[in-house]
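> with the input below, show me the fold.
(2 chains)
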Amino acid sequence: MADPGILIFLTSGLFLGWSLGANDAANVFGTAVGSRMVRFTTAALICGIFVILGATISGTGAALTLGKLGAVNALGGSFMAALSAGLTVYWMTRLGLPVSTSQAIIGSIVGWNLFSDSYTDLASLLKILSTWVICPLLAAIIAAIIYILTKIFVRRIGIGLIRLDGYTRLALILAGAFGAYSLGANNIANVMGVFVPVAPFQEMRLSDNFSFSSTQQLFLIGGLAIAIGVFTYSKRVMLTVGSELMRLTPLAAWVAVMAHSIVLFLFASEKLEQFLASLSLPTIPLVPVSSSQAVVGAVIGIGMLQGGREIRWGKVTNIVKGWIITPLVSGMICLLGLYFLQNVFMQTVQRESLYILSSKVMQKLKDEGIDMKHLHGLQNTTYPSSASLIRAIESQKPLPSKLALKAIKYSLLNPVTISSEKLELIDTKVFSTKQMKALKQLNGKKYEHSWQLGSALETINQEWEILGENIEHKLHDRAIKQKLAYIYRHFSVKK
Amino acid sequence: MNPISFFLKKQYEIEEKIHRLLKHLQDMVLLHQKAFEAYLEKRWDVFENTQQELGRLEKELDLLGHQIQMSLLRESLMPDSRDDLLKLLTKLDQIPSRLKHLLADIGLEKPVIPEEHDNPIRKLLFHTREAVDALAHAVDSLFSDLRSIRQFVEETARQESEVDRYERELLQLIFNNQELDLGRQYQLKYIVKELGGISNLAEDVADAVLIIASKQSS
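Below is the predicted model of the structure:
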């Protein structure tokens, strides 16, 4: 029987899913609906189906990382973060403004960080904020280039009007379906990722070869929430993106969707990152970017190419204001909501985390390149939050953001115990035979800090080795880190 | 049936109807020439039969035009150029009406056409047919190959100039002919002007085709 508390907390995720469907779905089909090439009902149906498919089939990859909300460490906190993001997106949707769920969530996370006195990595935050400027700019440039090329291509092939209309419609539907699938796959972690460890469902085995895991069931429900959001509330934002910003021709509508998808791909493709690295070219940072910003940028890019007279700049200004307001409002709601949830409803909104600069941690930090000369006075002091730890270190010497994150990671007290009971429960499909063998060798061992388990595994077998910052090793390292995060959670000793 | 054909079924259906409509238009202008020539040759039964055949085709063409317009509206095809296309089809529809009405007027008034006017009228009929034919190709290109539109639009304009030339020549012949009284002169002038008006209309429609095509590629 599912815990009713979990089900109540789950509603905020479903509400966020609904908001995501009501707002972000407009980015993939907005231009098609706004240019009257695809009917809203057709767009909503295709979008709904592909969002659910994307969430259920490809969304499970996020289960290991728990998505961007992973930093929030208690279910009550996750509930409020999702609720405040959902409320903010809902409010913006009511105003007909295309905002991004990711923007709202980032605001919520910062709100939670402030409430829980957790360290906010300004470098990462600035990196994400910079993409909020770069992303629409890049989308505008790509849209302008594709628009010129498409026009030349259409002129060259000289295809008839009706057939061109048919092909454009087909291209819009295919691009939209692909976009909806990606939306479901990528964003389901934002919506449901935090509930994965507490999913109240049993695995369903439909045949020998086909089973439906509890995570997939959870993501299916999240996908359904997104689809309901698309059906019930996305029309207004779709029309804003598709026609109120600027009147788009069907071909321009397709160009906008393509430019939007390319930008998302550029910022999300690990394969492209590796390819660029192999050619010694600068890589594009893999950061979550807003699809709303991408599509608005693309529409403006096409408009600018035509002289900019068609663009309704007043509407653009409102949209940009929405982008600034969204994270701020979401952060404020989260902060206030957490206060009430903790003090009025007596709910746990943050898990107690302790940080200690023990001799082992000091040594590890020294190995990682932190100059510990002035920090000996802090040895064996315990800190109740990551922000208090960094404040203490910075009172002795300034600490760059990257090293601050390392200090937090290594000093966190997160005891893990490898027990045979938990070894039996582990999902062996995630690991190679050698990795499993190394893990089993550590049966019975206890560690104060989870990273010590990682170091022990690395010593036993090189398949656990993190190869370093070299871009070519990035994918390998990311996979190892995801596996380590999974076993740290699995073997964590809960207080 | 391949998936693309399945998806573009509605588009193919409209294209096919437009092809049929244009074929009917070409057949009508040919029948118009045939009927007029039969009148000049005083083969009354051929004139009557051809006129009836033309009337039947005009009805079919009307029906097709209506079906195409309805499909464009109902299936919300080509939202950005639909208004232009509907205007184009309405304009195009005036040509068969004028062909039919001119023959009907001739059949009713039975004007006596002097023999020396015979040859220039045949030329006028020929170039009118050529102009409408070129227009039909221009419209067809709008739905099959945008690249060839300009050549057919230019051909329509060229044929219209020829029509203009023979129209002027004929009007001079009519008003220089002392044997014709003023009433007959005006009766023949009306017929020549009506005949010349068909190619003028064809040129107007061809210009509209070019504007739609230019909007697409701008």
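
> run through the chain and note the low-pLDDT ranges.
You didn't pick a chain, so chain A it is. The model of chain A has pLDDT under 70 over residues A:1-4, A:59-71, A:193-194, A:196-200, A:203, A:208-209, A:268-270, A:285-288, A:469-472, A:494-495.

> switch to chain B, please.
Those would be B:1, B:76, B:217-218, if you go by pLDDT under 70 across chain B.

> quick one, what contacts B:Phe152?
If you count contacts by Cβ atoms under 8 Å, 6 or more residues apart in numbering or on different chains, B:Phe152 has them with B:Ala134, B:Leu135, B:His137, B:Ala138, B:Ser141, B:Ala206. For glycine as for every other residue, the C-beta is placed from the backbone atoms N, C-alpha and C.

> near chain A, which of those residues show up?
Restricting the contacts of B:Phe152 to those near chain A by Cβ under 8 Å from any Cβ of the partner chain leaves B:Ser141.

> select from the contacts of B:Phe152 the one having the most neighbours.
If you count neighbours using other Cβ atoms under 10 Å in any protein chain shown, the busiest of the contacts of B:Phe152 is B:Leu135, which has 30 neighbours.

> ok so it is a strand residue?
No - under the criterion used here (DSSP: H, G, I helix; E, B strand; the rest coil), B:Leu135 is helix, not part of a strand.

> ok, the closest residue to it other than its chain neighbours - how many residues close by?
Closest residue to B:Leu135 in three dimensions, ignoring its sequence neighbours and counting by Cβ to Cβ, 6 or more residues apart in numbering or on different chains: B:Ala202, at 4.3 Å. A total of 30 residues lie near B:Ala202 under the criterion other Cβ under 10 Å.

> next one: A:Leu281
The number of residues packed near A:Leu281 is 9, by other Cβ under 10 Å.

> then A:Glu424?
By the criterion of other Cβ under 10 Å, A:Glu424 has 8 neighbours.

> which positions within the longest helix along chain B qualify as buried?
Using DSSP state H to define each element, chain B has its longest helix at helix B:182-217. Going by neighbour count (16 or more other Cβ atoms under 10 Å in any protein chain shown), the buried part of helix B:182-217 is B:184, B:187-188, B:191-192, B:195-206, B:208-210, B:212-213, B:216.

> list the residues that contact the residue nearest to B:Leu135.
The neighbourhood of B:Ala202, defined by Cβ under 8 Å, 6+ apart, consists of B:Ile95, B:Thr128, B:Ala131, B:Val132, B:Ala134, B:Leu135, B:Thr156, B:Gln159, B:Glu160.

> wait, which of those is closest to chain A?
Taking Cβ to the nearest Cβ as the measure, B:Leu135 is the one of the contacts of B:Ala202 closest to chain A, at 16.3 Å.

> I figured that closest one was touching B:Asp204, is that so?
No - with contact defined as Cβ atoms under 8 Å, B:Leu135 does not count as touching B:Asp204 (9.5 Å).

> redo the contacts of B:Ala202 as JSON lines? Include secondary structure.
Compiled in JSON lines, the contacts of B:Ala202 are given as follows (three-state DSSP):
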{"residue": "B:Ile95", "secondary structure": "helix"}
{"residue": "B:Thr128", "secondary structure": "helix"}
{"residue": "B:Ala131", "secondary structure": "helix"}
{"residue": "B:Val132", "secondary structure": "helix"}
{"residue": "B:Ala134", "secondary structure": "helix"}
{"residue": "B:Leu135", "secondary structure": "helix"}
{"residue": "B:Thr156", "secondary structure": "helix"}
{"residue": "B:Gln159", "secondary structure": "helix"}
{"residue": "B:Glu160", "secondary structure": "helix"}
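
> list just the nearest of the residues you listed to A:Ile106.
Sorting those by distance to A:Ile106 puts B:Leu135 at the head of the list, at 60.5 Å, by Cβ to Cβ.

> how far away is that closest one from B:Asp164?
With distances taken as Cβ to Cβ, to the nearest Å, B:Leu135 is found 16 Å from B:Asp164.

> and B:Asp84, by the same measure?
Using Cβ to Cβ, one gets 27 Å for the distance from B:Asp84 to B:Asp164.

> so A:Gly111, which of the three states?
Local secondary structure at A:Gly111 is given as helix here, using three-state DSSP.

> can you get me a residue count around it?
Around A:Gly111 there are 28 other residues, counting by other Cβ under 10 Å.

> go ahead and confirm it touches A:Leu335.
Yes - applying Cβ under 8 Å as the test, A:Gly111 and A:Leu335 come out as touching, 4.4 Å apart.

> check whether whichever helix in chain A runs longest contacts chain B.
Within chain A, and with DSSP H defining each element, the longest helix by residue count is helix A:122-157. Yes - under the criterion of Cβ under 8 Å from any Cβ, chain B is reached by helix A:122-157 at A:Lys151, A:Val154, A:Arg155.

> quick one: buried residues of that helix?
Under 16+ other Cβ under 10 Å, the buried positions of helix A:122-157 are A:125, A:128, A:131-132, A:134-136, A:138-144, A:146-147, A:150-151, A:154.

> equivalent analysis for stretch A:251-265, please.
By neighbour count with 16+ other Cβ under 10 Å, stretch A:251-265 contains the buried residues A:251-264.

> end-to-end on stretch B:37-47?
Length of stretch B:37-47, first residue to last, Cα to Cα, to the nearest Å: 8 Å.

> centre of the chain to it, how far?
Offset of stretch B:37-47 from its chain centre (Cα atoms, centre = their mean, to the nearest Å): 21 Å.

> what residues sit buried inside that stretch?
Residues of stretch B:37-47 classed as buried under the neighbour-count rule (16+ other Cβ under 10 Å) are B:Glu37, B:Ala38, B:Tyr39, B:Leu40, B:Phe47.
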